[in-house]
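Chemist: Need coordinates for the following:
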Amino acid sequence: MGIGRFFTALLVCAVVASSQAQAQSSRTIKIIVPSTAGGGADVLARMLADQIGKAQSQTMVVENRPGAGNTIGTEAVARAAADGNTLLITTPEFVINPHLRKLNYDPLTSFAPICYLARSPQLILVNPATPYNTLADLLDDARRKPGELTVASAGPASSPHVGIERIKHDAKVDFTFVPFQGSGPALNALLGQHVTAAMASYPNVTGQVRGGQLRAIAVASLSRVDDLPNVPTVQEAGFKDFDLDIWFGVVAPAGTPPDTLAQLTSWFKAALQDPEILAKLKAQGLFPVGACGDDYAAFTRKQFDDYGRGIREANIKPN
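Modeler: Below you'll find the model as predicted:
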């Protein structure tokens, strides 16, 4: 090959590589949130999409597809092309639903894990007008008044619902679960003393707890919350290994190429290490995790097994 032809070939390769890079950066990545706007999953998705978009010069779009206990949006991603352009934000309902519904996807095989993004503790709460200062106080009263006490949360078939039923089963008490369409209505019912207690995630109640409108009597995590050092865990109240964080992950359709998954993983990990994002997460009551790939897959499997066991033991039935 002559020198002229050699440099021409190099130029053609450079143009092709540049075109491919431009196509890669100009593609639109859609993040599906299978719940309504304004919730923890939605806030986190938009926060990370904005950061990745700026840092990687990448078009990121967040789309809410709520309905049927998060299954509508989840199934849409399971059916999407495995090209890395459609992602799903996952929450505990991702592994709860298979135990309670007939689905057209499998959370363990229909998706490729990217990252376990963040977690949020859940709290058991009462109205300060009640005499309950500890979880033991609440359970003792439930034993004295079988079926009279009411405990609310978003639900049914939500993470807090499963947690409430597990406590009820393990403590051998009888109280009534009251489901609401979201944490907001459940907390309003508690503020108005229409229910005895409620379980909700920490970001949803920080203002009311700090302001004294609600009293936190237990943390449904393995460790206490730094901002609430005097609130013991459910485990400390005698429920061994009780761990019921709300968690958020991101997955792609199964079959997404490994190099595409590796790129997405690096983007999300970098976003979670950004100081601005860390400050925003803290302000929202969210704790970054950043466990990715096989580690996130193992976490999902454990959550699937743990929730399944809890659902069976508490005899929670499909809706």
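Chemist: Tell me who's in contact with the nearest residue to residue 255 once chain neighbours are set aside.
Modeler: Closest residue to residue 255 apart from its sequence neighbours, by Cβ to Cβ, 6 or more residues apart in numbering: residue 82 at 3.7 Å. Using the backbone N, CA and C atoms, a C-beta is placed for each residue, glycine as well. Neighbouring residues of residue 82 by Cβ atoms under 8 Å, 6 or more residues apart in numbering: 112, 252-257.
Chemist: do that again at 6 Å, thanks
Modeler: Residues near residue 82 by Cβ atoms under 6 Å, 6 or more residues apart in numbering: 253, 255-256.
Chemist: and if you look at residue 69?
Modeler: Taking Cβ under 6 Å, 6+ apart as the test, what residue 69 contacts is 93, 97, 157.
Chemist: still on that earlier bit, which one of the contacts of residue 82 sits closest to residue 35?
Modeler: residue 253 (19.2 Å; Cβ to Cβ).
Chemist: On the pLDDT front, check that closest one for me.
Modeler: At residue 253, the pLDDT value in this model is 98.
Chemist: Okay, now the unreliable bits of the stretch 201-319 of the chain?
Modeler: 319 (pLDDT under 70).
Chemist: all helices of the protein, in order?
Modeler: 3-26, 40-56, 71-78, 93-96, 135-144, 159-171, 183-191, 202-210, 258-272, 275-283, 294-313 (DSSP state H).
Chemist: most packed of the ones you listed?
Modeler: Mean neighbour count (mean count of other Cβ atoms under 10 Å) peaks for helix 93-96 among those, with a mean of 24.
Chemist: helices or strands next to it in the packing?
Modeler: On a contact count with 3 or more Cβ pairs under 6 Å, 6 or more residues apart in numbering; DSSP states H and E, helix 93-96 meets helix 294-313.
Chemist: and the angle for the helix it packs on with helix 159-171?
Modeler: Counting by axes from the mean of the first three to the mean of the last three Cα atoms, to 10 degrees, helix 294-313 lies at 50 degrees to helix 159-171.
Chemist: who does helix 294-313 touch, helix- and strand-wise?
Modeler: Packed next to helix 294-313, using 3+ Cβ pairs under 6 Å, 6+ apart, are helix 93-96, strand 111-120, helix 159-171.
Chemist: right, so of the ones you listed, which gets closest to residue 225?
Modeler: Closest among the helices and strands packed on helix 294-313, using Cβ to Cβ: strand 111-120, at 9.8 Å.
Chemist: now the closest one: mean pLDDT?
Modeler: Mean predicted lDDT for strand 111-120 stands at 97.
Chemist: Nearest residue to residue 122 in space, please, no chain neighbours.
Modeler: What sits nearest to residue 122 in space, not counting adjacent residues and going by Cβ to Cβ, 6+ apart, is residue 220, at 4.2 Å.
Chemist: Can you report how many residues neighbour that neighbour?
Modeler: Number of residues near residue 220 (other Cβ atoms under 10 Å) recorded here: 27.
Chemist: and if you look at residue 151?
Modeler: 27.
Chemist: For the closest residue to it other than its chain neighbours, give me its contacts.
Modeler: Nearest non-adjacent residue to residue 151, counting by Cβ to Cβ, 6+ apart: residue 197, 4.7 Å away. Applying Cβ under 6 Å, 6+ apart to residue 197 gives the contacts 126, 138, 151.
Chemist: Considering the contacts of residue 69, which member attains the minimum pLDDT?
Modeler: residue 157 (81).
Chemist: how close does the closest residue to that residue other than its chain neighbours get to residue 232?
Modeler: Closest residue in space to residue 157, ignoring its immediate chain neighbours: residue 100 at 5.1 Å, by Cβ to Cβ, 6+ apart. Residue 100 is 30 Å from residue 232, where distance means Cβ to Cβ, to the nearest Å.
Chemist: out of the contacts of residue 82, which are buried?
Modeler: Taking 16 or more other Cβ atoms under 10 Å as the criterion, what is buried in the contacts of residue 82 is 253, 256.
Chemist: on that earlier part again, kindly reformat the helices of the chain as CSV containing distance to residue 226.
Modeler: CSV is the format used below for the helices of the chain (distance: least, Cβ to Cβ, whole Å):
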stretch, distance to residue 226
helix 3-26, 39
helix 40-56, 19
helix 71-78, 32
helix 93-96, 27
helix 135-144, 20
helix 159-171, 21
helix 183-191, 22
helix 202-210, 11
helix 258-272, 19
helix 275-283, 10
helix 294-313, 22
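Chemist: mind checking which of the ones you listed is nearest residue 104?
Modeler: That would be helix 71-78 among those, by Cβ to Cβ, at 5.6 Å.
Chemist: tell me the angle the closest one makes with helix 40-56.
Modeler: Using the same axes, to 10 degrees: helix 71-78 against helix 40-56 is 30 degrees.
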